[in-house]
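Trainee: got a predicted model here, sequence first, then my questions.
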Amino acid sequence: MQIIQIEPNSLAEQHGFLAGDNITHVNGQPIHDEIDWRFYTADDYLEIKFKREGTNHKIEIEKNPEDLLGITFEEIRYRCCGNKCIFCFIDQNPPNLRPSLYLKDEDFRLSFIYGNYVTLTNLSPRDAKRIVTQRLSPLYVSVHAVDLNVRQKLLGIRHDDRLLSKIKYLTRNGIEIHVQIVLCPGYNDGEILADTVSKLSLFYPKLKSIAIVPVGLTRHREGLPYLEPVTPAMAKDVIIWGEEQARHFYEHQQRYFIYLADEFYLQAGIPFPDEQRYDEFPQIENGIGMTRHFIDLFESTAIQFPSKLEKPRSITFVTGKLAEPIIRTLVIERLNRIKNLSATLVPVENHFFGTSVTVSGLLTGQDIFQALSSSTIGDEIYLPENCLNYDNLFLDDWKVENLEHRLQKRVKVIHTNFMELFAKKST
């Protein structure tokens, strides 16, 4: 691990470390990444070996266990995925996007740090031992199917990756796991799905949750196997089966364990379960219970809405086609009860990925612009925050400023607190 920066007045500076030094060992343990570094430097006595311009060095440090040394390392080199999943969304990206959108990561460290889903196909016994030793928990695992033949077809692998043996080892050694199953009609639904859930449930309680999500299909599938989309009728069948399984599990474990993606309920036109059904929302970042959380949060916030604005104001909200009914009936109708406020909604058709992609998180700047430019819109535009990344970029590299310039309107991101709408503008 090469040091790229030393914080001024830090322990590292006091002990003579320099940018460019390569850390090799701490207390005899090899250091491969920052997880190793943080784990092994938590002791009060450290013997750190490093190389400087090809020469080996050693520094001993005594410190409090919670003290940081003040070292910034080069970025971790993550493992890439060697699978050829027939439903991989990255393979369905259009050309000429930024390089990071084509990265197929398959690294248990990203699963631990960020909650990325990994298949564990490349997890070695040494990796598994490290996970247990360093207590890298929880992990997020894409299973899809436990039947070997089905699993090989879905993941595009030829070998037996011994998935259940790996899960058994990890859970028996205290590692918590959250699972997702991407439902591909004709492959891992029906009896295959039931078998997968049944066998995974044997690892409860360390295997804490199973999320079932519908396969996402874009229009960019040239050269890829044909896959059936999940239809509203299929979504209804999944809900009936999944809710029955979850209730059965709750009766025995006081936990629902099985959770269904919001898309199923929206597609089937079935009301969302109440908050209790999602336990502590273990997979909300995977779109599981996000709508229920949004509904409850909006309704609790709406109690604080003013009954009248001092001056007339017109605003427009942007959403994907899937969430349109919820936003229109819940948000737009409620806001239009406020005197002097006019709220409209523009649901955006996804031409970039294809009209079968209907979630707001995959909307692009150019599609939003096209939808807004052909609609009657207010003086202020509000976007859902999940259509932008941490750098405030859309998937097509448009920025919010691009929309403002082209529309000559104010464009803002609406977060979970709708009281933001009524905050006094700074001058």
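Mentor: Cool, the structure landed.

Trainee: quick one: low-confidence parts of this structure?
Mentor: Within the chain, the ranges that satisfy pLDDT under 70 run 424-427.

Trainee: how about the helices in it?
Mentor: Applying DSSP state H to the chain gives helices spanning 11-14, 34-40, 108-114, 125-133, 148-155, 163-172, 190-200, 232-253, 262-268, 290-302, 324-326, 333-335, 365-373, 400-407.

Trainee: for L68, grab the count of nearby residues.
Mentor: 13 (other Cβ atoms under 10 Å). Using the backbone N, CA and C atoms, a C-beta is placed for each residue, glycine as well.

Trainee: just to revisit the earlier point, okay, the helices of the chain, which one's buried deepest?
Mentor: helix 262-268 (a mean of 21; mean count of other Cβ atoms under 10 Å).

Trainee: longest strand in the protein, by number of residues?
Mentor: strand 308-320 (DSSP state E).

Trainee: now do that one: distance to the chain's middle.
Mentor: Computed by Cα atoms, centre = their mean, to the nearest Å, the chain-centroid distance of strand 308-320 equals 30 Å.

Trainee: which residues does it contact?
Mentor: Outside strand 308-320, the residues within contact range by Cβ atoms under 8 Å, 6 or more residues apart in numbering are 327, 331-332, 335, 338-348, 350, 358-363, 368, 371-372, 375, 377-384, 387, 414, 421-422.

Trainee: and the residue in the chain sticking out farthest from the centre, what are its bridge partners?
Mentor: Going by Cα atoms, centre = their mean, the residue of the chain most distant from its centre is T55, 42.8 Å out. Per DSSP bridges, the residues bridged to T55 are R52.

Trainee: got it, and the one 4 residues further on?
Mentor: I59 forms beta bridges with I48, as assigned by DSSP bridges.

Trainee: any idea how far it is from G320?
Mentor: 54 Å (Cβ to Cβ, to the nearest Å).

Trainee: how about L46?
Mentor: On the measure of Cβ to Cβ, L46 and G320 end up 51 Å apart.

Trainee: neighbour count: the two, which is higher?
Mentor: G320 (22 against 18).

Trainee: tell me who's in contact with the closest residue in space to the more buried one that isn't next to it in sequence.
Mentor: Leaving aside its chain neighbours, G320 sits nearest to S360 (3.8 Å; criterion: Cβ to Cβ, 6 or more residues apart in numbering). Under the criterion of Cβ under 8 Å, 6+ apart, the contact list for S360 reads V318, T319, G320, L322, A323, V348, P384, N386, C387.

Trainee: try G54
Mentor: Shown in contact with G54 (Cβ under 8 Å, 6+ apart): no residues.

Trainee: how near is the residue nearest to G320 to I284?
Mentor: Taken as Cβ to Cβ, the span from S360 to I284 is 15 Å.

Trainee: E60: neighbour count?
Mentor: Using other Cβ under 10 Å, E60 has 9 other residues around it.

Trainee: wait, isn't it in contact with E47?
Mentor: Yes - using Cβ atoms under 8 Å, E60 makes contact with E47 at a distance of 5.4 Å.

Trainee: returning to that earlier point: turn the contacts of S360 into TSV, columns for distance to N173.
Mentor: What follows is the contacts of S360, written out as TSV (distance: Cβ to Cβ, whole Å):
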residue	distance to N173
V318	46
T319	44
G320	41
L322	40
A323	41
V348	46
P384	40
N386	35
C387	40
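
Trainee: and the gap between A145 and K199?
Mentor: From A145 to K199 the distance is 10 Å (Cβ to Cβ).

Trainee: same question for P232.
Mentor: 29 Å.

Trainee: before we move on, what about F272?
Mentor: Distance of F272 to K199, given as Cβ to Cβ: 28 Å.

Trainee: what does stretch 190-201 contact?
Mentor: By Cβ under 8 Å, 6+ apart, stretch 190-201 touches 143-147, 150, 164, 167, 179, 181, 183, 188, 207, 210, 212, 241, 245, 249, 257-258.

Trainee: which among those end up buried?
Mentor: 143-147, 150, 167, 179, 181, 183, 188, 207, 210, 212, 241, 245, 249, 257-258 (16 or more other Cβ atoms under 10 Å).

Trainee: return the subset of these lying in strands.
Mentor: V179, I181, L183, L207, I210, I212, I258.

Trainee: ok, which pair from these is furthest apart?
Mentor: The widest separation within these, taken as Cβ to Cβ, falls between L183 and L207 and amounts to 18.5 Å.

Trainee: tally of neighbours for F281?
Mentor: Quick note: F281 (other Cβ under 10 Å) scores 15 neighbours.

Trainee: so what's it closest to, chain neighbours aside?
Mentor: Leaving out its chain neighbours, the residue that sits closest to F281 by Cβ to Cβ, 6+ apart is G289, at 4.8 Å.

Trainee: touching, the one you found and Y259? I think so.
Mentor: Yes - checked against Cβ under 8 Å, the pair G289 and Y259 is within contact range at 6.8 Å.

Trainee: who touches both of these two?
Mentor: Taking Cβ under 8 Å, 6+ apart as the contact rule, G289 and Y259 both touch Y278, Q283.

Trainee: and stretch 339-357, how far out from the chain's middle?
Mentor: Chain-centre distance of stretch 339-357: 23 Å, with Cα atoms, centre = their mean.

Trainee: do I have it right that I338 meets F305?
Mentor: Yes - I338 is within contact range of F305, at 6.2 Å (criterion: Cβ under 8 Å).
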